[in-house]
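**Q** take a look and give me a structure for this.
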Amino acid sequence: MTVTATQLPEGLLLAYYGDDFTGSTDLMEAFTAAGVPTVLLLREPSAHWIKHFQGVRCIGLAGTSRGKDPAWMEQNLARAFEQLASLGAPILQYKVCSTFDSSPQVGSIGKAIDIGVPLMKGKWSPMVVGAPRLKRYQMFGHLFAAYDGQGWRLDRHPTMSRHPVTPMHESDLRVHLGLQTTRRIELIDMPALKAGHGNAKLQQMQGKDVPVVLLDVMDEDTLVESGRLAWEGRGEGVFTASSSGLEYALAAYWKSLGWLPQSSELEPARAASQIAVVSGSCSPATALQIRWAREHGFQTERLDVKKVLDPALQKTEIQRVVGLACNALQSGKSVVVFSAEGPEDESVRGFDQLAAIAGMLRSEANVMIGQALAHVMKSVIESTTIQRVVLAGGDSSGEVASTLGIEALTVMAGLEPGAPLCRAASDNPRMNGLEIVLKGGQMGGVSFFGTALHGIAT
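**A** This next block holds a predicted model:
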């Protein structure tokens, strides 16, 4: 794995499938900020849009697999991975959340690995999850994440240990992933990386199978070394299930070689006159952000989940919220439309019962809430002159972005780590050029919606 090149090779460096829409923009931010032009497609790759974005070094496809079962993944991921693999990048990535949201039944990362590994010729499947910039750290295979300024082991994390769909009961990713795949899972830990023993450890792990190899990342040294191992060990092409930590690691390694500018960064986002937000997030972080918005002049409107799940009342409820949101915007206010305000919200605690009353599975009810938020946002955009919008919550963001008819996104400016300001590309003139932020539930400080409105002071 000795470096002999003097610069990055021509053409695509990486192609990826994002397991949700918000995480897909997180990866795009990491590479764009480092000087690696990246585009995120919201529909399957077409010659028209690939040609439109000639010169990019990374192409992504935003997906919704984080909320899907293994049967859905079998039917849909193989085609998506094959299309991305055909683009010829040496690294094919299944982009996962940096909090590793998954279970054997929902969003199985192991199932995605089993589908994707055979498509590439690599002898291993590197896995980088830690991302210090996002306050995510992996040590000895265990994942840690900060919340409200304090670090937590993931199985004790205030949000992830109580996630309504994929609660994290195990912080050792080898154990957690081992419930989702029978593939061999290995680890190159922090001491080995620090001592420069990565190559030797990787060589010892080689066999007739293709193992998943977790790489600890907890600081700049381990970040660079993980990037080196992943890039120099790509061989004839590797498949990896990793968070945007992989992009931060690759960029850090390429910078260490002088292949990327040392000080590249995103332009800070400028202020907007108003913003419109829709949120399907159940996280406590988003709840605090909604409360902050309410206390700082935003109009906040709750979408009644019970009515949305009732076919006889759904249309009227959507129209009610759209009317209130449009009136608020026309009066000069910014607006937040939300379906839940934290994990203790009555609509969250009673969601299974509401779904059962409506005769739906939880997954079907989740989709219906996302679609309702999508119709709200679409109607608001079409009825006003709003130019900057925010979609909060990974699953609901996918429904909203798809409904808007957006074909692709590129990063235009920085807001907060993991949630950049993007520009939409669409054949619909009203949506083309729309400024859009896709925010995962855990992302952003308490005043995030204020930052999305006022931008970053320079």
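
**Q** which secondary structure elements does the helix or strand bottoming out on mean pLDDT in the chain contact?
**A** Counting by mean pLDDT, DSSP states H and E, the weakest-scoring helix or strand in the chain turns out to be helix 47-52, with a mean of 71. Judged by 3 or more C-beta pairs under 8 Å, 6 or more residues apart in numbering; DSSP states H and E, helix 47-52 is in contact with no other helix or strand. Where you see a C-beta, it was placed from the backbone N, CA and C, and this is true even at glycine.

**Q** what's in contact with the helix or strand just after that helix?
**A** Downstream of helix 47-52, the next assigned helix or strand under DSSP states H and E is strand 58-62. When contacts are defined by C-beta atoms under 8 Å, 6 or more residues apart in numbering, strand 58-62 is touched by residues 12-18, 20-21, 24-25, 27-28, 31, 36-42, 44-45, 50, 53, 80, 83-84, 87, 89, 95, 398, 401, 409.

**Q** show the average pLDDT along strand 58-62.
**A** Confidence for strand 58-62, expressed as mean pLDDT, is 94.

**Q** could you report the distance from Gln262 to Thr222?
**A** Gln262 is 19 Å from Thr222, where distance means C-beta to C-beta, to the nearest Å.

**Q** ok, so what distance separates Met190 from Val217?
**A** In terms of C-beta to C-beta, Met190 sits 8 Å off from Val217.

**Q** neighbour count: those two, which is higher?
**A** A direct count of neighbours by other C-beta atoms under 10 Å for Met190 and Val217 places Val217 higher, at 30 against 22.

**Q** is it correct that the more buried one is in contact with Val128?
**A** Yes: between Val217 and Val128 there is a contact under C-beta atoms under 8 Å: 6.1 Å.

**Q** any common contacting residues for these two?
**A** With C-beta under 8 Å, 6+ apart as the test, Val217 and Val128 both reach Ser226, Gly245, Ala249.

**Q** how about the first one, secondary structure?
**A** Which is Ser226. Classification of Ser226 using DSSP: H, G, I helix; E, B strand; the rest coil returns helix.

**Q** go ahead and confirm it touches Leu215.
**A** Yes: Ser226 is within contact range of Leu215, at 4.1 Å (criterion: C-beta under 8 Å).

**Q** quick one: common contacting residues for the two?
**A** Counting by C-beta under 8 Å, 6+ apart, the contacts common to Ser226 and Leu215 are Pro126, Val128, Leu193, Ala249.

**Q** okay, and which of those map to helices?
**A** Among the shared contacts of Ser226 and Leu215, the residues falling in helices (DSSP state H) are Leu193, Ala249.

**Q** nearest to Ser102 among the shared contacts of Val217 and Val128?
**A** Gly245 (15.5 Å; C-beta to C-beta).

**Q** since we're on that closest one, how many residues are nearby?
**A** Residues near Gly245, counting by other C-beta under 10 Å, number 28.

**Q** what distance do you get for the closest residue to Ser383 other than its chain neighbours to Arg388?
**A** Nearest non-adjacent residue to Ser383, counting by C-beta to C-beta, 6 or more residues apart in numbering: Cys326, 5.1 Å away. Distance, Cys326 to Arg388, by C-beta to C-beta: 16 Å.

**Q** please write out the alpha-carbon positions of the longest helix seen in the chain in PDB.
**A** What stands out as the longest helix in the chain, according to DSSP H, is helix 362-383. What follows is helix 362-383 as a C-alpha-only set of coordinates in PDB (Å, rounded to 0.1, in the frame of the first residue of the first chain):
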ATOM      1  CA  ARG A 362     -46.200   1.600  12.000                       C
ATOM      2  CA  SER A 363     -44.200   1.800   8.800                       C
ATOM      3  CA  GLU A 364     -47.200   2.600   6.700                       C
ATOM      4  CA  ALA A 365     -48.300   5.300   9.200                       C
ATOM      5  CA  ASN A 366     -44.800   6.800   9.200                       C
ATOM      6  CA  VAL A 367     -45.000   7.100   5.400                       C
ATOM      7  CA  MET A 368     -48.400   8.800   5.600                       C
ATOM      8  CA  ILE A 369     -47.100  11.400   8.000                       C
ATOM      9  CA  GLY A 370     -44.100  12.100   5.700                       C
ATOM     10  CA  GLN A 371     -46.400  12.400   2.700                       C
ATOM     11  CA  ALA A 372     -48.700  14.900   4.600                       C
ATOM     12  CA  LEU A 373     -45.700  17.000   5.500                       C
ATOM     13  CA  ALA A 374     -44.600  16.800   1.900                       C
ATOM     14  CA  HIS A 375     -48.000  18.100   0.700                       C
ATOM     15  CA  VAL A 376     -47.800  20.900   3.200                       C
ATOM     16  CA  MET A 377     -44.400  22.000   2.000                       C
ATOM     17  CA  LYS A 378     -45.200  21.700  -1.700                       C
ATOM     18  CA  SER A 379     -48.400  23.800  -1.200                       C
ATOM     19  CA  VAL A 380     -46.600  26.400   0.800                       C
ATOM     20  CA  ILE A 381     -43.900  26.800  -1.800                       C
ATOM     21  CA  GLU A 382     -46.300  27.000  -4.700                       C
ATOM     22  CA  SER A 383     -48.600  29.500  -2.800                       C
END
